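Chemist: Just the structure for this:
(one chain, ligands or ions: 3)
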Amino acid sequence: MKVLKFGGTSVGSVKGILSVKKIVEVENEPVIVVVSALSGITDQLYKIANLACVGDKSYLTEYDQMLTRHMEMIEEVIDARKKEEVLSLVQTQFIDLSNIFRGVYLIKDISTKIIDTIVSYGESISSIIVTYAIQGAVHFDSKTFIKTENQFDKHIVDFEKTNTLIRDYFKTIPTISVCGGFISTDSTTNFITNLGRGGSDYTAAIIAAALHASILEIWSDVDGFMTADPRIINNAYVIEKLSFIEAMELCNFGAKVIYPPTIFPVFHQNIPVKIKNTFNPEAEGTYISREKTGEAPKAIKGISSINDTSLITVQGLGMVGVIGVNYRIFRMLAKNGISVFLVSQASSENTTSIGVRNTDSALAVEVLRKEFAYEIAQGEINEIFSEDDLATVAIVGDNMKRTPGIAGKLFGTLGRNGINVVACAQGASETNISFVTDRKSLKKALNVIHDSFFLSEYQVLNIYVSGIGTVGGSLLNQIKKQQVKLMAQNALKLNVVGIASSKKMLFSRDGIDLENYSEDIKKNGVDATPELICKEILNLNIFNSVFVDCTANSQISDLYQTLLENNISVVAANKIAASSSYENYVNLKETARKRGVKFLFETNVGAGLPIINTMNNLINSGDHIQKMEAVLSGTLNYIFNTISEEIPLSKAILMAKEAGFSEPDPRIDLSGKDVIRKLVILAREAGYKIEQSDVVKNLFIPDKYFAGSLDDFWKTVTELDVEFEVKRKALSAQGKRWRFVATMKNGDCNVGLQEVDSLHPFYDLQGSNNIILITTERYNEFPMMIKGYGAGAGVTAAGVFSDIISIANIR
Ligand code: ADP
Ligand code: ASP
Ligand code: MG
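Modeler: Ligands and ions are numbered 1, 2, ... in the order given. Predicted structure coming up:
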């Protein structure tokens, strides 16, 4: 004999009931079918009762809606011949129910007894409908054989009576029996009671255990027990097998798929449990049994969570070494019917923290304050408070036993992602490690843990891109092209979760489709400001994330500190932060280091050229940078290489801008500002404390051309053309060329125009190329030379991309 339980998710729709019918009718051994109320009906019954109780007439509308839903269900799932009979049975129930509601509405008062009666109608009615929908099924009323006793205002199953009654009622078992789950009656008073929210699973387990069923099947709307709640973790997957202990731990910590007390009766009788999907009966489901789970042991089996947690801490020096403090804490809590699901005490005995549900927290604090009033008055124990709005997460698995490193991996993962652990506990059985964190970190915590324990086959990097101009746009295209390959070859999933232009921003936790992001942002984007971008990123609180700044905006670079503090790595094509005050530069690097994230800005100097990385490698391996000479402005080099008899200075500047080589405002290049910023960054990375004002300048365009607006500049710059052409001709006659060179020698920095002859390594520098000569202790007689494209959207985006990828390797 089998017991099959179909939850509200199964019997709540026509499709579901038809599927239940099919599943049950093909069984070839007797089955007892336990059903819940139609999905949502229990909640609705509570709601109607509350409305009626406060005299709100809208209870009638809600009631009508509920009635209609049941009538429509009968219409669809019951055979025409039986319809009348079912209607009459169900209508009788509804008449009783509406009379109770009317009574509540009139007297505007309600007791727990009446509420329990009201909610029992959900299962009473659904079980009648399901009985008549299934060919040859016989109806049983669970209220007659599931008996409860009252303990601290909670209904506890009276197993002695219940087991006897069940065995009596099912002395001869029909081929198919149907009864309602959840509902019961009090052993002494016979008043209607219930087994608690979600309690139909428990009813089924009680029946299965009493009758020694061969199996208990719990049919729901998921393919099985999953590694985590699929509503929170979308890549959670079905666990093939679980032990009773593992299942119990996961349910206790919130895996709603089974009501926690369910495991207990079947565990004792060693009756296996299967979790199956009514809507996909072919799926194997999850098998829960006493057996060891066998093949390919994963360290942990599942993660679950409780999002309403209060932590009550009893703390004080007066507790150290004093016997009986914990006894008194737990005695008081037990006496008041408060259930504790997590306890944490440090070995110093100075502090005991207790996790309870939010609804129990005020009472728990009150009774503990009373119990320890004397010690509190004496200062031996501090005032007792509760910390609310917390959540508890548990990782569960029998294989954690004697496996070192699980807790390390767990807390390491949490730490790297900025998730604070308020309290933690691991039982000596080692099948569960639980910790308490802020409720707002829950989703992120579940995701990072799931990712690091279950999806270690690949890792996810969540990317926010700010700025979708030439560099940002190119970057998104490169990411789009590489996504599949990186996943296949490097097991790296790049997930772009946010994109912001200067006006609009778009976020999606599951990833933005890069095929259509520009239309998407126009259509679905919301107004963006740097503050709003930051707020939304912090709000989303996504794990393993990186903020990529492809703007030239100082308000965006002002966000880095906050982002880094929140464990979000920063990759900047924007040079403002790294070249700002030395103090700010050091703070950002320091924050990143402390938070275990990265602040990278390779493209700030030499676009895609590996200059900063190379310097860091030299320094980290013990070398010392003494001197750097470089042409770092692709723009200026392009301009000096383009100027000719036909192309005057002003035209060359315009061409550089149009080719995308210059900063959006080319004056930043021409004034040497851009080169100064780069030199400052290089000098700092080489280990020197340099400010922009320390750099000596020798410019080639007089300051007055930079004073007005950009428009004024374009109008007046042509005045320089003639004089420049004269100089250019003279220089060319000497076989020399102009290069705008940045130099750092033992910390002294300068930038300026130099005339170089054909023997100089800078002479043959094509187009917008950059070059740098680095003299170090090791590379002394012959400096190291790095040369190549130093500007352009494609190479800069590629440099940003490689910074992003280097972050992925931090795990
Ligand atoms: P029923 O109405 O059939 O009793 P429930 O809503 O009580 O169904 O339980 C099924 C739901 O439990 C699933 O839809 C799923 O969202 C949720 N759930 C939470 N944690 C898990 C988990 N670890 N595995 C599977 N489902 C889970
Ligand atoms: N109908 C009840 C509830 O919603 C019992 C159950 O679904 O198992 O809590
Ligand atoms: Mg349920």
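Chemist: Can you report how many residues neighbour residue 344?
Modeler: 19 (other Cβ atoms under 10 Å). (C-beta placed from N, C-alpha, C; glycine too.)
Chemist: quick one: it is in a strand?
Modeler: Yes. Judged by DSSP: H, G, I helix; E, B strand; the rest coil, residue 344 forms part of a strand.
Chemist: pretty sure it is touching residue 314, no?
Modeler: No. Counting by Cβ atoms under 8 Å, residue 344 sits too far from residue 314 to count as a contact (11.3 Å).
Chemist: hey, what's in contact with both of those two?
Modeler: 352, 353 (Cβ atoms under 8 Å, 6 or more residues apart in numbering).
Chemist: quick one: terminal-to-terminal distance for stretch 131-145?
Modeler: This stretch, stretch 131-145, spans 18 Å end to end (Cα to Cα, to the nearest Å).
Chemist: give the contact list for residue 682.
Modeler: 605, 611, 612, 615, 628, 630, 632, 742, 744, 772.
Chemist: Relative to ligand 3, how far out is the third one?
Modeler: When Cβ to the ion, to the nearest Å is applied, the distance between residue 612 and ligand 3 equals 56 Å.
Chemist: Number of residues surrounding that residue?
Modeler: When counting by other Cβ under 10 Å, one arrives at 23 neighbours for residue 612.
Chemist: Once you drop chain neighbours, what's closest to it?
Modeler: With Cβ to Cβ, 6 or more residues apart in numbering as the criterion, residue 612 has its nearest non-adjacent residue at 4.9 Å, and that residue is residue 602.
Chemist: do the same with the second one
Modeler: The shortest distance from residue 611 to any residue that is not its chain neighbour, by Cβ to Cβ, 6+ apart, is 5.2 Å, and that residue is residue 605.
Chemist: quick one: the one you found from residue 538, how far?
Modeler: 30 Å (Cβ to Cβ, to the nearest Å).
Chemist: Settle it for me: which of the two has more neighbours?
Modeler: residue 605 (28 against 15).
Chemist: Could you list the residues of the chain in contact with ligand 1?
Modeler: Contact residues (Cβ under 6 Å from any ligand atom) of the chain with ligand 1: 7-10, 36, 39, 198, 220-222, 225-226, 228-231, 255-257, 302.
Chemist: helices and strands around the helix ranked longest in the chain, which ones?
Modeler: Secondary structure of the chain per DSSP state H: the longest helix is helix 80-107. Packed against helix 80-107, as judged by 3 or more Cβ pairs under 8 Å, 6 or more residues apart in numbering; DSSP states H and E, are the following elements: helix 41-53, helix 59-77, helix 112-133.
Chemist: Mean neighbour count, the ones you listed: which tops it?
Modeler: helix 112-133 (a mean of 22; mean count of other Cβ atoms under 10 Å).
Chemist: Quick one: the strands in the stretch 101-250 of the chain, in order.
Modeler: Using DSSP state E, counting those that start in this stretch, the strands of the stretch 101-250 of the chain run over 137-140, 147-151, 154-157, 176-180, 183-186, 192-194, 215-220, 241-243.
Chemist: want to throw these into CSV with mean pLDDT and distance to ligand 2?
Modeler: Output for the strands of the stretch 101-250 of the chain, formatted as CSV (pLDDT from 0 to 100; distance: least, Cβ to the nearest ligand atom, whole Å):
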stretch, mean pLDDT, distance to ligand 2
strand 137-140, 97, 17
strand 147-151, 94, 15
strand 154-157, 92, 13
strand 176-180, 98, 9
strand 183-186, 98, 9
strand 192-194, 97, 8
strand 215-220, 98, 10
strand 241-243, 93, 20
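Chemist: Minimum distance to residue 653: which of those has it?
Modeler: strand 215-220 (68.8 Å; Cβ to Cβ).
Chemist: Output the contacting helices and strands for the closest one.
Modeler: By 3+ Cβ pairs under 8 Å, 6+ apart, strand 215-220 packs against strand 2-6, helix 8-11, helix 200-210, strand 273-277.
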